[in-house]
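Chemist: Here is my input; please provide its structure:
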Amino acid sequence: MDARAMLDAWRARGENRVNPVRYRFIEALARRAIEHEGEARRIIDARLSSLLHEYACTVSQAAAERTQQADTSKGPLAALLDDMALHAATHSSHESLLEFFRAVWSKVSAERQLRESQQKVPKNAGPLNSSSLVHRSLELMREASPEYLQHFLAYVDTLSWMEEMTGTNAPVGKDAPRAKKPARGRIAP
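Modeler: You can find the predicted model right below:
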């Protein structure tokens with residue numbers, strides 16, 4: 001692997017921040033090497049190779065230290081952040097990272113909504129209790145296809161959000177306003 005490719009790979013993974021001064025120095029030396037030929041080029045390339053190897057060792061050591069620190073005090077949020085960082089390091093495109101975050105959020109949101117539906121079920125709910133029926137159907141949907149459950153709940157959230165935005169929460173039942181009848185003998189305009 002040539003120097004430029006290694007430097008670009010480190011930058012893409014954010015490893016240029018392990019030792020920013022050293023990284024910039026190596027980057028400048030790589031630019032300078034292009035301008036020289038012969039014995040000068042050979043000397044600069046040897047020095048560049050040595051610096052690249054040292055920086056690679058520094059990057060590996062920093063990664064090992066991060067892993068060791070994370071393992072000693074890892075909670076669920078830290079594990080999620082580690083997973084997201086690993087995914088971000090292996091997939092450099094923004095689109096795939098955005099899709100990853102959407103998938104994670106969808107999964108977390110679906111689990112939260114499932115827990116909330118469980119909390120709404122009364123303890124002595126009968127078999128036809130609407131809260132119980134909704135929760136059972138969500139549980140069955142999760143067993144059959146977790147991806148569909150996430151999609152379904154996202155769709156319901158979107159509809160709910162749209163309903164709130166448009167203000168079409170029409171009251172039902174006794175609270176609903178009654179339509180006014182035109183007075184007799186008058187023609188409505």
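
Chemist: Show me the shaky parts of the protein.
Modeler: Residue ranges of the chain with pLDDT under 70: 1, 68-75, 87-97, 168-189.

Chemist: Tell me which residue is most central in it.
Modeler: Centroid-nearest residue in the chain, with CA atoms, centre = their mean: Phe101, separated by 1.7 Å.

Chemist: From Arg112, how far out is it?
Modeler: Phe101 is 16 Å from Arg112, where distance means CB to CB, to the nearest Å. No exception for glycine: its C-beta is placed from N, CA and C like everyone else's.

Chemist: From what I see, the residue nearest to the centre of the chain and Leu80 are in contact.
Modeler: No - using CB atoms under 8 Å as the test, Phe101 is too far from Leu80 to be in contact (10.9 Å).

Chemist: Which elements pack onto the lengthiest helix in the chain?
Modeler: Longest helix in the chain by number of residues, with DSSP state H as the criterion: helix 38-72. On a contact count with 3 or more CB pairs under 8 Å, 6 or more residues apart in numbering; DSSP states H and E, helix 38-72 meets helix 3-12, helix 20-34.

Chemist: picking up where we left off before, element containing the residue nearest to the centre of the chain, please.
Modeler: Using DSSP states H and E, Phe101 sits in helix 94-120.

Chemist: same check, this time on Met141
Modeler: helix 130-144.

Chemist: buried set for that helix?
Modeler: For helix 130-144, burial by neighbour count (16 or more other CB atoms under 10 Å) applies to Ser132, His135, Leu138, Met141, Arg142.
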